[in-house]
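S.K.: I would like to see how this sequence folds:
(one chain, ligands or ions: 1)
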Amino acid sequence: MYEIGRIYEFESAHFLPKYEGKCKRMHGHNYKVMLKLRSEILQPPFGICSVMDAKPIQNSQMNMVLDFHLIDEIVKPILDQLDHQILNEVGIKYPTAERIAQYIYTELKYNKDSSKTLPYLHSVQIWENEWSYAEYSGA
Ligand SMILES: [Zn+2]
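M.R.: Have a look, this model is predicted:
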């Protein structure tokens with residue numbers, strides 16, 4: 001099994017209306033997002049990978065799970081929708097770190113537009129600070 005990871009950041013505000021404590025009030029985080037991809041195979045040296053039918057595999061990607069630049073192309077538009085937003089207002093109803101991780105995972109794993117799905121996605125971690133994270137990895 002191969003595993004690769006990529007870290008991103010975005011800055012957003014949120015509030016947790018039912019929380020008893022400071023997080024009830026609007027505040028911001030510099031969120032760190034860590035994506036993990038797992039695969040038992042590496043990209044073939046030639047040809048087209050069936051998982052990536054919309055994107056032909058080039059020779060430069062041989063022996064990789066997935067090119068980091070290709071991951072960026074898929075992930076950044078999703079994170080741009082969350083950056084400098086109030087997360088409660090952009091489709092995440094109760095934006096705890098757990099729910100943000102689940103939202104990003106679902107957007108990347110099950111996007112209606114197959115060119116926006118991220119192959120081999122295993123899990124999404126959301127770090128609210130350097131000490132705490134939540135992870136979502138599907139069923
Ligand atoms: Zn918070």
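S.K.: When you work out contacts or count neighbours from here on, use the C-alpha atoms and nothing else.
M.R.: Fine.
S.K.: burial count for the closest residue to residue 25 other than its chain neighbours?
M.R.: Spatially, and ignoring its direct neighbours in sequence, residue 25 is nearest to residue 15 (5.4 Å; CA to CA, 6 or more residues apart in numbering). When counting by other CA atoms under 10 Å, one arrives at 19 neighbours for residue 15.
S.K.: Please look at residue 15 and residue 95 and confirm they touch.
M.R.: Yes: with contact taken as CA atoms under 8 Å, residue 15 and residue 95 are classed as touching, separated by 7.4 Å.
S.K.: what do those two both touch?
M.R.: Here residue 15 and residue 95 share the contacting residues residue 88, scored by CA atoms under 8 Å, 6 or more residues apart in numbering.
S.K.: Spit out the contact partners of residue 71.
M.R.: residue 118.
S.K.: now it: how far from residue 101?
M.R.: Distance of residue 71 to residue 101, given as CA to CA, to the nearest Å: 17 Å.
S.K.: For the spatially most central residue of the chain, pull up the helix or strand it's in.
M.R.: The residue lying closest to the centre of the chain (CA atoms, centre = their mean) is residue 104, at 4.8 Å. The secondary structure element spanning residue 104 is helix 97-109 (assigned by DSSP states H and E).
S.K.: Check residue 118 too.
M.R.: For residue 118, no secondary-structure element claims it when assigned by DSSP H and E, so it is in no helix or strand.
S.K.: these two touch, right, it and residue 72?
M.R.: No: in this structure, residue 118 sits apart from residue 72 without contact. The criterion is CA under 8 Å, and the distance is 9.9 Å.
S.K.: More neighbours: these two, which one.
M.R.: residue 118 (24 against 14).
S.K.: Leaving out the residues flanking it, which one is nearest to the more buried one?
M.R.: Of all residues beyond its chain neighbours, the one nearest residue 118 is residue 108 (5.3 Å), with distances taken as CA to CA, 6+ apart.
S.K.: I'd like the distance from the one you found to residue 75, if you could.
M.R.: The separation that residue 108 has from residue 75, given CA to CA, amounts to 7 Å.
S.K.: from the chain's centre, how far out does the helix holding residue 104 sit?
M.R.: Between the centre of helix 97-109 and the centre of its host chain there is 7 Å, according to CA atoms, centre = their mean, to the nearest Å.
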